[in-house]
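Asker: 3D model of this:
(chains A and B)
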2 protein chains.
Amino acid sequence: MSRLICAGLGPGDPDLISVRSDRVIRAARHIAYFRKAGRAGQARRIVEGMLAPGVTEHAMEYPVTTELPFDSPDYNRLLSAFYDSWAARLQALVQGGAEVVVLCEGDPFFYGSFMHLYVRLRDQIPVEVIPGIPGMVGCWTATGQPVTWGDDVLTVLMATLPEEELVAHMRRADALAIMKTGRNLPRVRRALAAAGRLGDAWLVERGTMPGQRLARLVEVDAADCPYFAIVLVHGHGRRPVAEAAE
Amino acid sequence: MSRLICAGLGPGDPDLISVRSDRVIRAARHIAYFRKAGRAGQARRIVEGMLAPGVTEHAMEYPVTTELPFDSPDYNRLLSAFYDSWAARLQALVQGGAEVVVLCEGDPFFYGSFMHLYVRLRDQIPVEVIPGIPGMVGCWTATGQPVTWGDDVLTVLMATLPEEELVAHMRRADALAIMKTGRNLPRVRRALAAAGRLGDAWLVERGTMPGQRLARLVEVDAADCPYFAIVLVHGHGRRPVAEAAE
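Answerer: Have a look, this model is predicted:
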């Protein structure tokens, strides 16, 4: 059946792709994936060796990544036109009878770029989304420690948030996963220190992938933090409260 | 090699198990799984039809589930003795040369019962943990809507938390996943209403499984909520802030 399938790839190890995504990727005649211009692309790298001979590849290259500020009108306009254009191309392929598989690192509905295609296409053509193991799950597995127990609260934060908001969340939650670190690492470090959590924080880079790196955040050089590293603070288990009030 | 492997099963659809867990489960000679006494058990049900002939099954039956309050000393003592006893049995099997696969719904390190075996065994025998797609990911996929965009904050809450704490988190986060609902649903509903989020909440039951059910929380009868249903509130995307301060 002609349709668009978004295949969640999980945290990076091809062995952690779901059975369904694995099958769909190996059978695909058309695959599409986002990447920075001039790069191989992480999604494409994960499926290396899995693609059928003769597959047609559609590399969707971002027109801009970090060259313009995220909040500038130019950035928004360029990105929007980029998603419009690829949505139209993928729609035409599907309406012409093709099944197109879009590769998506982690889980497609959890901070994935695929969503920008999804909202443009879901009312136009059949779209199936196959979930994946989020990158943060691969990272906490890599630490060898459970991330949440009992009644622990987990909060997922972007390092791009204002510092006072980071601090407020860091004080209130038991477990933390902080993404989009990179150049925001100094802010994350200050916020964790203000919340009294810096000593418990880990930096995990390339979780489940070759070159995986794991370090206590206090021991990491601030200048040495790739964009896709995740900062984790583990919960230690809260007892559930009594339910007498109900 | 003799060792203990915990295989994350994902949200319930066997097709969403990772390639590695799938392979390990199909090859297993010994499998172990938690279940309530007298029930088939959800983990066991997920792998139905996948097990090799002649596999030895170890059903680890909880000595107590909802018969005693969670915070009573008796509950803690019984559970602790139960985990001690199974840790000893699994350790003896592995030290006798067996490879034992423990099945774990969702992701093992994310609120999983396996952790109680893990902390008892990780320094005694080789233990490998294979991550899985958390149940909440299956639930948000079932809603057909992305759960987080841009700089959205996601907070994962247990419905067993005190109401005022639920409200505070619900006010501060953009996206919410609330687990252990069941008899706590009235409290969750009141907290969501107090935080102004009730109208946006979904109840998802058996996400990705046969019998999946999806409803707006305001339309669900309070008496009709199984323990494993998840309440979800989707984020709608925050723009990243400017980085001028860095």
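Asker: Longest helix of chain A, counting residues only.
Answerer: As assigned by DSSP state H, the longest helix anywhere in chain A is helix A:73-95.
Asker: Note down every partner strand of whatever helix or strand comes next after that one and its orientation.
Answerer: Counting by DSSP states H and E, the next helix or strand C-terminal to helix A:73-95 is strand A:99-104. In the sheet, strand A:99-104 lines up against strand A:3-8 (parallel), strand A:30-36 (parallel) (DSSP bridges).
Asker: Touching strand A:99-104 from outside, list them.
Answerer: A:1-9, A:24-25, A:28-33, A:43-44, A:46-47, A:58, A:90, A:93-94, A:112-114, A:117, A:132 (C-beta atoms under 8 Å, 6 or more residues apart in numbering or on different chains). Any C-beta I mention is one placed from the backbone N, CA and C, and that applies to glycine too.
Asker: so what's the nearest residue to A:Arg35 once chain neighbours are set aside up against?
Answerer: Nearest non-adjacent residue to A:Arg35, counting by C-beta to C-beta, 6 or more residues apart in numbering or on different chains: A:Gly41, 2.9 Å away. Contact analysis of A:Gly41 by C-beta under 8 Å, 6+ apart lists A:33-35, A:59.
Asker: Going by neighbour count, which of those comes out on top?
Answerer: Among those, the one with the most neighbours (other C-beta atoms under 10 Å in any protein chain shown) is A:Tyr33, at 26 neighbours.
Asker: separation between the residue nearest to A:Arg35 and A:Gly112?
Answerer: Distance of A:Gly41 to A:Gly112, computed by C-beta to C-beta, to the nearest Å: 14 Å.
Asker: Also A:Ala175?
Answerer: In terms of C-beta to C-beta, A:Ala175 sits 22 Å off from A:Gly112.
Asker: same question, A:Ile31
Answerer: Applying C-beta to C-beta to A:Ile31 and A:Gly112 gives a distance of 16 Å.
Asker: Give me the most central residue, chain A.
Answerer: Centroid check for chain A by C-alpha atoms, centre = their mean gives A:Gly106 as the closest residue, at 5.0 Å.
Asker: tell me the pLDDT at that one?
Answerer: Note on A:Gly106: pLDDT of 97.
Asker: Could I get the contacting residues of it?
Answerer: Applying C-beta under 8 Å, 6+ apart, the residues contacting A:Gly106 are A:8-11, A:112, A:132-135.
Asker: same deal with A:Pro126?
Answerer: A:1-4, A:94.
Asker: The residues you listed: which two are farthest apart?
Answerer: A:Met1 and A:Leu4 (10.9 Å; C-beta to C-beta).
Asker: So between these two, which is more surrounded?
Answerer: A:Leu4 (27 against 7).
Asker: ok, the nearest residue to that one once chain neighbours are set aside to B:Trp140 distance?
Answerer: The shortest distance from A:Leu4 to any residue other than its chain neighbours is 4.8 Å, reached at A:Val127 (C-beta to C-beta, 6+ apart). Counting by C-beta to C-beta, the gap from A:Val127 to B:Trp140 is 15 Å.
Asker: cool, and A:Ala88?
Answerer: 27 Å.
Asker: quick one: which of these two has more around it?
Answerer: It is B:Trp140, of A:Ala88 and B:Trp140, that has more neighbours when counted by other C-beta under 10 Å, with 28 against 13.
Asker: pretty sure that one is touching B:Val233, no?
Answerer: No. Between B:Trp140 and B:Val233 there is no contact under C-beta atoms under 8 Å: 10.2 Å.
Asker: for chain A, what are the low-confidence residue spans?
Answerer: Applying pLDDT under 70 to chain A flags residues A:65-71, A:222-223, A:225-227, A:239-246.
Asker: Break it into its domains for me.
Answerer: A:3-133, A:136-233 (automatic domain parsing).
Asker: can you pull out the strands in chain A?
Answerer: For chain A, the strands defined by DSSP state E occupy A:3-8, A:30-36, A:56-62, A:99-104, A:127-130, A:154-158, A:175-179, A:201-205, A:213-216, A:230-233.
Asker: Please compute how far the second one lies from its chain's middle.
Answerer: Read that as strand A:30-36. Chain-centre distance of strand A:30-36: 15 Å, with C-alpha atoms, centre = their mean, to the nearest Å.
Asker: so that strand versus helix A:73-95, what angle?
Answerer: Going by axes from the mean of the first three to the mean of the last three C-alpha atoms, to 10 degrees, strand A:30-36 is angled at 170 degrees with respect to helix A:73-95.
Asker: Pull strand A:30-36 out as PDB, backbone CA atoms only.
Answerer: Output of strand A:30-36 as PDB, limited to C-alpha atoms (Å, rounded to 0.1, in the frame of the first residue of the first chain):
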ATOM      1  CA  HIS A  30      12.500   4.700  -0.900                       C
ATOM      2  CA  ILE A  31      14.100   6.000   2.200                       C
ATOM      3  CA  ALA A  32      14.300   9.600   3.400                       C
ATOM      4  CA  TYR A  33      16.300  11.100   6.300                       C
ATOM      5  CA  PHE A  34      17.300  14.500   7.600                       C
ATOM      6  CA  ARG A  35      20.900  15.600   7.800                       C
ATOM      7  CA  LYS A  36      23.100  18.600   7.900                       C
END
